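Chemist: no FASTA, just this:
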C-alpha cells in the first residue's frame, strides 16, 4: 500500500539518529543508512542532512515526512476495512461516517430501534469529505454503505438516493477566533454588513438559493462569495485564513478548531436525515419503515 522504506525514514526522522532508529527497528545502523540511501535514490530527493549532532530533515524531507504519516495511516485504515469486509455478514448494516457527516445521529437511532433487528450488527465505514468526490460516495449507497446520515438539500444528492428527513439544523455563521464578531454569543443579520459571506453557489440547494435571494434583495451590504457546491475541510480552512464569514450549521461547531460558530437571529434551517440506495434491499427498507413508524408514534 505504501513504500516500505517510509517506515525507516519516519523512524529516523522521529529519533534524529540512525543508531536510535536501528534500535527501534531491530536493525543495524549500517542497514538503516543503506535503506535511507536507497529511498533517496528512489525518490531522487535528499530527505535528511547528516551532521555530527545527528540527522535533520531537509525542507523536502519535511514534506515527505508529513505526507508519509498520512499515507501510512490511510493504508492501515484501508487494510482494516478490507479485513472487516471479509467478515461482513448479511446481518450487518454498513454506515458511512466522515468529519462533516458523522454516524453519531444514526447510532442514536440504532439504539432506539435495534430491538427490531436482534441479529444485526453495525459496521462503520469511513469516507473523505471531498467536494469533488462526494457524489461518487453517494453513488456507493447500496454497495459500500447501506446508510449515510447528514444534511441533505442537494438536488444532485437527491437524484442519486432516497432521503428520510429526521429534523432540521439551524443555519449559523463561523468566523476566525480573531474576527470582530467572534466574542458575540448571537448576532443580528445587520452585524454582517460589510462582511464577505461564504456560501455554496446558486443552483443546487433550495434552502441556500432562498437565503441568497433574500440577502441579495434585502441585505445588499453583505458581499457573497461562492464556495464549492459541497463543503469540505478546505472551505473551513479558507474561512480561517481569509477572515471571511462562513455560512455553516449548528452540528459543524467542532469541525475546525480555529473557527467560532455563532447563531444568527434568522429563521433559516436545513433538513438532515438518512440517505439510502434507490435500490435498497428489503432489510434496509424495513429499517427505514421502523424509523418512520417510530417517529409517527
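Modeler: Cool, the structure landed. Just so we're clear, the structure is a prediction, and the values are computed from it rather than from any experiment.
Chemist: Please enumerate the strands of the stretch 151-297 of the chain.
Modeler: Residue ranges of the strands in the stretch 151-297 of the chain, as given by DSSP state E, counting those that start in this stretch, are 161-176, 196-200, 223-227, 245-249, 259-263, 269-277.
Chemist: Name the residues of the fourth one that come out as buried.
Modeler: Pointing back at strand 245-249 there. Burial within strand 245-249, assessed by neighbour count using 16 or more other C-beta atoms under 10 Å, is assigned to 245, 246, 247, 248, 249. (Glycine included, C-beta is placed from N, CA and C.)
Chemist: ok, so of the residues you listed, who is nearest residue 48?
Modeler: Using C-beta to C-beta, residue 246 comes nearest to residue 48 of the buried residues of strand 245-249, at 39.6 Å.
Chemist: Now do the contacts for the nearest residue to that closest one once chain neighbours are set aside.
Modeler: Spatial nearest neighbour of residue 246, excluding adjacent residues (C-beta to C-beta, 6 or more residues apart in numbering): residue 239 at 3.9 Å. Counting by C-beta atoms under 8 Å, 6 or more residues apart in numbering, residue 239 makes contact with 174, 175, 176, 198, 245, 246, 256, 259.
Chemist: repeat that for 7 Å
Modeler: The contact partners of residue 239, by C-beta atoms under 7 Å, 6 or more residues apart in numbering, come to 174, 176, 198, 246, 259.
Chemist: Next one, pLDDT for it please.
Modeler: pLDDT for residue 239: 97.
Chemist: Against residue 48, how distant is it?
Modeler: Per C-beta to C-beta, to the nearest Å, residue 239 is found 36 Å from residue 48.
Chemist: how about stretch 193-202: buried residues?
Modeler: Quick answer for stretch 193-202 (16+ other C-beta under 10 Å): 195, 197, 198, 199, 200.
Chemist: picking that back up, okay, the buried residues of strand 245-249 in JSON lines with distance to residue 266 and pLDDT next?
Modeler: Formatted as JSON lines, the buried residues of strand 245-249 follow (distance: C-beta to C-beta, whole Å; pLDDT from 0 to 100):
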{"residue": "245", "distance to residue 266": "14", "pLDDT": "98"}
{"residue": "246", "distance to residue 266": "15", "pLDDT": "98"}
{"residue": "247", "distance to residue 266": "11", "pLDDT": "98"}
{"residue": "248", "distance to residue 266": "13", "pLDDT": "97"}
{"residue": "249", "distance to residue 266": "13", "pLDDT": "97"}
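Chemist: Which one of those is nearest to residue 53?
Modeler: residue 246 (45.2 Å).
Chemist: residues contacting the closest one?
Modeler: Applying C-beta under 7 Å, 6+ apart to residue 246 gives the contacts 173, 174, 198, 235, 236, 239.
Chemist: next one: residue 176
Modeler: 182, 239, 240, 243, 258, 259.
Chemist: May I see these organised as CSV, with distance to residue 8 added?
Modeler: Shown next, in CSV, are the contacts of residue 176 (distance: C-beta to C-beta, whole Å):
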residue, distance to residue 8
182, 44
239, 39
240, 35
243, 42
258, 34
259, 38
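Chemist: Please pull out the lowest mean pLDDT helix or strand from the protein.
Modeler: The weakest-scoring helix or strand in the chain, judged by mean pLDDT, DSSP states H and E, is helix 59-86 (a mean of 78).
Chemist: now that one, how far from the centre of its chain.
Modeler: Distance, stretch centre to chain centre, for helix 59-86: 16 Å (C-alpha atoms, centre = their mean, to the nearest Å).
Chemist: ok, then the element right after that helix?
Modeler: Using DSSP states H and E, the helix or strand that directly follows helix 59-86 along the chain is strand 92-97.
Chemist: Just want the angle from that next one to helix 59-86.
Modeler: Relative orientation of strand 92-97 with respect to helix 59-86: 160 degrees, computed using axes from the mean of the first three to the mean of the last three C-alpha atoms, to 10 degrees.
Chemist: thinking again about what came up before, of the contacts of residue 239, closest to residue 9?
Modeler: residue 259 (33.8 Å).
Chemist: Okay, the closest one and residue 244: tell me how far apart.
Modeler: Residue 259 is 11 Å from residue 244, by C-beta to C-beta.
Chemist: What of residue 283?
Modeler: With C-beta to C-beta as the criterion, residue 283 and residue 244 are 45 Å apart.
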